[in-house]
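Asks: model the following, please.
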Amino acid sequence: MLGRVVAETCAAAGLDQVVVVIGGSAAAVRRQVDFGTATVVENPEFAEGCASSYRTGLAALDPRAEAVAVLLGDQPGLDRGVIDLVAAEWRRDQAPIKLASYHGRLGHPMLFARSLFESLAALRGDKAAWKLVDAHPDRVRPVVVDRPSPLDVNTWEEYEALLGSAEAAE
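Replies: Here you go, the predicted model:
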């Protein structure tokens, strides 16, 4: 469900291509989630951490892609406007790394220029994109976003709380 929300948000944003990488429960996810027009690829090495998902996603990317935006399927609160803003700022100056800065806290979406695709694919483990950001602080250009960072939904309790807050808002 959450992945579908993020895929729909990406599809509505001004991105040229949306690639969704799925892992451990790929068959069940494909049966339960409609990803619309997104290209859906399975990561057989998902247990190796998020870096393996970057490699899988990059392999499915259009070879003409000039940059890749990395977003998380567990952040359903990510706003289309933020994706568009980060992408527009990258198109303006084509910095090697663009990412959102929510009240000074760096977060997703993260956008990496083609010049870093090889480095992104070479990463290993979890928090991999952050390793690249930390290794190249001189290449990072934050995009100021005047709102709180979208929540990560990693547990069933967090999901239920998210549903409860959405129902309360209606």
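
Asks: any idea how far residue 117 lies from residue 32?
Replies: Going from residue 117 to residue 32 by C-beta to C-beta, to the nearest Å gives 31 Å. Just so you know, the C-beta spots here come from the backbone N, C-alpha and C atoms, and that holds for glycine as well.

Asks: who's more crowded, these two?
Replies: residue 117 (17 against 11; other C-beta atoms under 10 Å).

Asks: now do the SS call for the spatially closest residue to the more buried one that is not a sequence neighbour.
Replies: Leaving aside its sequence neighbours, residue 117 sits nearest to residue 58 (C-beta to C-beta, 6 or more residues apart in numbering; 5.9 Å). Secondary structure for residue 58, judged by DSSP: H, G, I helix; E, B strand; the rest coil, is helix.

Asks: where does residue 58 land on pLDDT?
Replies: For residue 58, the model assigns a pLDDT of 95.

Asks: need the contact list for it.
Replies: With contacts defined as C-beta atoms under 8 Å, 6 or more residues apart in numbering, residue 58 is in contact with 68, 117, 120-121.

Asks: may I ask which of those residues has the most neighbours?
Replies: residue 120 (22 neighbours).

Asks: element containing that one?
Replies: Assessed by DSSP states H and E, residue 120 sits inside helix 117-122.

Asks: so what touches the helix or strand just after that helix?
Replies: Next along the chain after helix 117-122, taking DSSP H and E as the criterion, comes helix 128-135. Helix 128-135 is contacted by residues 49-51, 54, 70, 97, 99, 106, 110, 112, 116, 119-120, 123, 125, 140 when judged by C-beta under 8 Å, 6+ apart.

Asks: ok, then the element right after helix 128-135?
Replies: That would be, after helix 128-135 and using DSSP H and E, strand 140-145.

Asks: quick one: low-confidence ranges for this protein?
Replies: For the chain, the stretches with pLDDT under 70 are 1-3, 162-170.

Asks: need the helices for it, in chain order.
Replies: Along the chain, the segments classed as helices by DSSP state H run 2-12, 26-32, 50-60, 80-93, 117-122, 128-135, 156-169.

Asks: go through the ones you listed and name the closest to residue 42.
Replies: For residue 42, the closest of the helices of the chain is helix 26-32, at 4.5 Å, according to C-beta to C-beta.
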